[in-house]
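**Q** no sequence on this one, just coordinates:
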């Protein structure tokens, strides 16, 4: 499962996120879950860099937040500021790590890591975590557009009090939209059975 949030202008960002999703779909599972998710990131990064070079574009890229389910548990991987949350035993916590640089006061912090960075400029280092399965745990993968308009407490309340993941996501999207979400909002919610 994955959420990819493009950057670099609407058309460029859309293509970058598409290429990352395509890499996630087409990368074969091989080795450990970590090796598989890192291969997705490497393949997506190279595909996006090739697209930039072929089309003579400037900055273009995407963030990524991914979960890989295995027989032993859940493997999480992210790069950029798309987030992965886990709701377990009534507590919500972020299991992803934001890749942000320091910004001048009052400005949004730029990304320090994302997919679309030429390998000769910087080696990408996605964050990785492994978690055990737990019945009824819920995982939320989302773009920064959601968390910039909805608080962690509101996310936890909606997930706890809306039985079906679809209802919860519709409510969170509605709240974000009511608050004039300045960025696109993408989210996936999963419940372990």
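**A** Structure's in. What do you need? In this text, all values refer to a predicted model and were calculated from it rather than measured experimentally.
**Q** most centrally placed residue in the chain?
**A** residue 65 (2.4 Å; CA atoms, centre = their mean).
**Q** distance of residue 69 from residue 36?
**A** 12 Å (CB to CB, to the nearest Å). For the C-beta atoms, the positions are set from N, CA and C on the backbone; glycine is no exception.
**Q** so those two - more neighbours on which side?
**A** The neighbour comparison of residue 69 against residue 36 (other CB atoms under 10 Å) goes to residue 36, with 19 against 14.
**Q** quick one: contacts for the more buried one?
**A** Neighbour list for residue 36: 27-30, 68 [criterion: CB atoms under 8 Å, 6 or more residues apart in numbering].
**Q** buried set for stretch 155-169?
**A** 155-156, 158-159, 162, 165, 168-169 (16 or more other CB atoms under 10 Å).
**Q** cool, stretch 15-28 as well?
**A** 15-21, 23-24, 27.
**Q** just the ones of those in helices?
**A** 15-21, 23-24 (DSSP state H).
**Q** between those residues, which is nearest residue 102?
**A** Taking CB to CB as the measure, residue 102 sits nearest to residue 16 out of these, at 24.1 Å.
**Q** I'd say the closest one and residue 117 touch.
**A** No: with contact defined as CB atoms under 8 Å, residue 16 does not reach residue 117; the gap is 11.2 Å.
**Q** what do those two both touch?
**A** residue 61.
**Q** circling back to that earlier point, for the residue nearest to the centre of the chain, give me its contacts.
**A** Residue 65 neighbours (CB under 8 Å, 6+ apart): 2-3, 76-78, 82-84, 96, 141-142.
**Q** so the residue lying closest to residue 171 once chain neighbours are set aside versus residue 140, what's the distance?
**A** Nearest residue to residue 171, sequence neighbours excluded (CB to CB, 6 or more residues apart in numbering): residue 158, at 5.2 Å. Per CB to CB, residue 158 is found 10 Å from residue 140.
**Q** find residues that contact each of these two.
**A** In contact with both residue 158 and residue 140: no residue, using CB under 8 Å, 6+ apart.
**Q** so how far is the longest helix along the chain off the chain centroid?
**A** Using DSSP H, we find that the single longest helix of the chain is helix 33-55. Relative to its chain's centre, helix 33-55 lies at 15 Å (CA atoms, centre = their mean, to the nearest Å).
**Q** what mean pLDDT does the longest strand anywhere in the chain have?
**A** For the chain, the strand with the greatest residue count under DSSP state E is strand 61-69. The average pLDDT for strand 61-69 rounds to 97.
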